[in-house]
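A.B. asks: Sequence plus predicted model, see below.
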Amino acid sequence: MRTGEPLPALGDVLAALDTGLWHWDTAAGLVTVDAVAARLLGLPAEQVTLTEAQVRARLHPVDWNEITGVVRLAVAEGTIAEVRIRIMDDRQQVLRVVRSRSKPTFDRARKAYVLTGTLQEVTEPAPGTPAGRSAVTGDWRRSREAFLLDAGRALAEARSTQEVLRVAANLSMPGFSPDGLAVFGVEGDRLTVIGHHGQESGAESPFISMSVDTDYPAAEVVRTGRAVYLSSPEQYKTRYPLAWPLAQRFGRRSWAFLPLTVAGRPMGAWMAGFAYPVAFTPDERSVLTTVARMLAQALSRAGAAETQRELTDGLQRSMLPVLGPDIPGMDIAARYVPTGGGLQVGGDWYDVIPLPRGRFALVIGDVQGHDVRAAGLMGQLRIALRAYAAEGHRPDAVLSRASHFFHGLTQTGQDEDPGDVRFATCYYAEVDSATGTVESARAGHLDPVVRMADGTALIRATAGGLPLGIDPDSDYPTTRHALEPGETLMLCTDGLIETGGHDLRTGWGRLRSVLEDRWDSMDELSDALIQAVLGPSSHHTTGPLADRREDDMALLLLRRESGGLDGAQPPARRTMMTIAQAEPERVAEARQQLRELLHDWPDGDQKDSAVLLLSEMLTNVLVHTDTDALLVTDVTGEPGERQIRVEVTDTGDDLPHKRRPGEMASSGRGLMLIELLADAWGVAPRGEGKTIWFELYETERAGPG
C-alpha cells in the first residue's frame, strides 16, 4: 500500500488476520457473526444471526458459564472481557480453542448487556503454563473453585477484624499468591490502614491518614469504586509517579488494588502485592474480585459485631452495679452472662444496696425480653428499687411500690405496641450482717438456695406474689430466716437453671453437685457454676427440653463467714421457718424442707418418723392456738453419730398434755406419737409461750428413703 492511499476496510484487515467479528445483545437474545467467526464456530463461512441457544450448542457448557462471569466482571471494572472458549463439533469433541475479546456495556434501561468483539483461534495451552492457567478448564479451575470455597468458609467464621486480617494473610491463591497485603479503610476524606501483612511493623506509616484525593492506587479505588491492576513496576511508575517512591522500597513486581464494597458503599480498598510479574488475566482478576467481595463482607460483619459488643458491654456495665466495699462478716460474689444470640443485652440484673445500721439489701431480677427495651426497663426498675430501699421501706413495701411503678412503665409502652406487654420477676432481701437474719419478699422469682456449713445445698422455700407489673396492687408476704455462720445464700435468674434444655428440676440437679463441692472462695464457686452451664462439660449434661431458647443469666452469692468456706466448726445444718395461722399450706413446705435436710440420712424409717412428728407438732399449733409457729431444725455431729433436733415454738399459754383418746377420737395422739417414735422429747416453757421439741439419733441401719 502506497502512502496517501486510503486504509483498507476494517473487515478486510480482520479477515486477513483470520479474526472474526461478532455482536451480542442479551435483551434480544441474538448473536450476529461474520463469515470468519461463523467458520471458527464450525458453521458455513457466511454472515449469520444466531440465537443464544444455537451459539451455546457450539460451545463447551462450562465455557458458556465462564463467559457470563467474565462479562459481569469486565463491566464492573470497565475492562476488556477476555476468555478462552472450546468449540465443540456434532460429536461433542473439541474442534478448536478460540479466544474472544470484547468491551461489554450494560444498558440500564433495558437491563441488558451489549457486546461487540473479536474471535481468533489459538493453540491449546499446555498444562501448568501461564496460558494454561488462564484457560477456563483444567486443574487450575478446579483448584480455584476449591480455594474460593475454603476462603469463603474461613472468612465467614472470623469473628473480629483481627481474625479477618489473619485469614486474609494466610490465603494461598491457586497459581499466584501475594507476598504482601494491606487493607485500607476510609474515615471522612482520609485513608486509614486497618491492617497489613508481609511488611515490617511501621512500614505503613507513610500511608496512614492519606487523603482520598492523593495520586495513589488505593485512593483512586476508593474514589472510583474500580479496581486497579499494575502488572509491572514500569506501569506503576508511569501511572502513579508521585506514589511510586513509596512503593518502590518494597521490591514488588505486580500489584492489585480492589475496592471493598458493601451494599454499594465503598468502605475501603484491598492491596495484594506480588514479588513476581502477574499478567492479571480475566481468571486471575475474577479470583481477586471474589476474594475482595468476601473480605469486604467479613470486615463489615466483624466491624458491626465489635461495635455491637462494645455497645452492649458498655450498656450492661453501666446498668450492673459495682459490689462496693467489703461487708464485715460477709463474702459476696456476682456474675452476669448475656445470652449468646441477638443483641447480647437483656433484662437480668442484680444489686447490693447498703442500708443503715449495718444492714444491706440483696436484689436479683429478670425483666421479660432480650432487647434494648428490656435493658432500659431493667435500669429504671433497678433505680426505683434503690430509691424505695433508701426510704426505709420493708421488703414487702419495696416490692409493692416497685410493682406499681413498673406497671406504669409497661402501660406507657403498651400504647405504642399493644402486643409488647412486659413484666419482671424479682427477689428482694434485707440482711443483717451482725446476726445473719434475712428478711425477704419474692415477686414470681426463683426461691433462693442455701448451701449449709457442711456443704449440703437446699432450696429455701419463701413466700411470694405475682411478678412485678402484672397487678399494681399485688401483695408480697415476707419470709424470715437466719443465715448461719459458714452458710452461703445463692440467688440466680432462670437462665442459670434452664440453659442447655433443662427444666427447673434437672437444672437444679446439675448445679447442686457443683454447689456442694468444696471451694476455696466465692469467686471460684461463681466461676464453677457458670462453667457448669456454659463450659465444655455442659455439652454432656443437656436437659430434656432441647428446643428451649438460651437466656442471659445473673448470679449472686452471699456467704456468712466462719473461718473457712466449709467451716472450721463441726458440720451442722440449720433451717428456720415461720408458719402463720393464715398459711396452713406451708406445713407441706416444711415437710419437704425437712426431707431435703435429711437427704443423706441412712435410716429411711427415721426420716419418715421425723416428717410425721414435724407435721403433728405444726398442726397442733395451728389447730389449738391462735398464734404463729416458729420451726427450727438442727442437724449436728459427725456422719454416723449425728442427731436431729426439731423445735416448734409458739406464744400460746397452754402446755400440751398426754391424753388417751378413744378409738373414735380425731385428735389427742400427738404426744403419744412423739413419745413412741422420738429418741428424746420435751416441752420447754418460755417467758411468753412454749417450745416443744424432739430428737432422733442416727443409726447404721438403712431403710427405704
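C.D. replies: Done, it's in.
A.B. asks: Check Arg153 and give its pLDDT.
C.D. replies: As predicted, Arg153 sits at a pLDDT of 80.
A.B. asks: That one: which element?
C.D. replies: If you go by DSSP states H and E, Arg153 is part of helix 139-157.
A.B. asks: Can you name the element that comes right after that helix?
C.D. replies: Following helix 139-157 in sequence order, the next helix or strand is helix 161-169 (DSSP H and E).
A.B. asks: what does that following helix contact?
C.D. replies: For helix 161-169, contacts defined as Cβ atoms under 8 Å, 6 or more residues apart in numbering pick out 151, 154-155, 158, 181, 183, 194-195, 197-198, 270, 291, 295, 298-299, 302-303, 306. The C-beta positions use only the backbone N, C-alpha and C, and glycine is treated the same way.
A.B. asks: how about 7 Å then?
C.D. replies: With Cβ atoms under 7 Å, 6 or more residues apart in numbering as the contact definition, helix 161-169 has outside contacts at 154-155, 158, 181, 183, 194-195, 197, 295, 298-299, 302-303, 306.
A.B. asks: mind listing what's buried in stretch 264-277?
C.D. replies: Judged by neighbour count (16 or more other Cβ atoms under 10 Å), stretch 264-277 contains these buried residues: Pro266, Met267, Gly268, Ala269, Trp270, Met271, Ala272, Gly273, Phe274.
A.B. asks: Repeat that for stretch 63-73.
C.D. replies: Buried residues in stretch 63-73, counted by 16+ other Cβ under 10 Å: Asp63, Trp64, Glu66, Ile67, Gly69, Val70, Val71, Arg72, Leu73.
A.B. asks: How about the contacts made by Gly225?
C.D. replies: Gly225 touches Pro259, Thr261, Pro266, counting by Cβ under 7 Å, 6+ apart.
A.B. asks: Among the contacts of helix 161-169, name the ones in helices.
C.D. replies: The members of the contacts of helix 161-169 that map onto helices under DSSP state H are Ala154, Leu155, Leu295, Ala298, Leu299, Ala302, Gly303, Glu306.
A.B. asks: end-to-end on stretch 474-492?
C.D. replies: 23 Å (Cα to Cα, to the nearest Å).
A.B. asks: buried ones in it?
C.D. replies: Buried, per 16+ other Cβ under 10 Å, within stretch 474-492: 474, 476-481, 483-492.
A.B. asks: where along the stretch 551-700 of the chain do the helices fall?
C.D. replies: All helices of the stretch 551-700 of the chain, identified by DSSP state H, counting those that start in this stretch, fall at 586-597, 604-624, 670-677.
A.B. asks: Which among those helices is found nearest to Ala554?
C.D. replies: Shortest separation from Ala554 across these is recorded for helix 586-597, at 24.4 Å, computed as Cβ to Cβ.
A.B. asks: what is the mean pLDDT for that closest one?
C.D. replies: Here helix 586-597 scores 88 as its mean pLDDT.
A.B. asks: Could you tell me the angle between the direction of that helix and that of helix 604-624?
C.D. replies: For helix 586-597 against helix 604-624, the angle by axes from the mean of the first three to the mean of the last three Cα atoms, to 10 degrees is 160 degrees.
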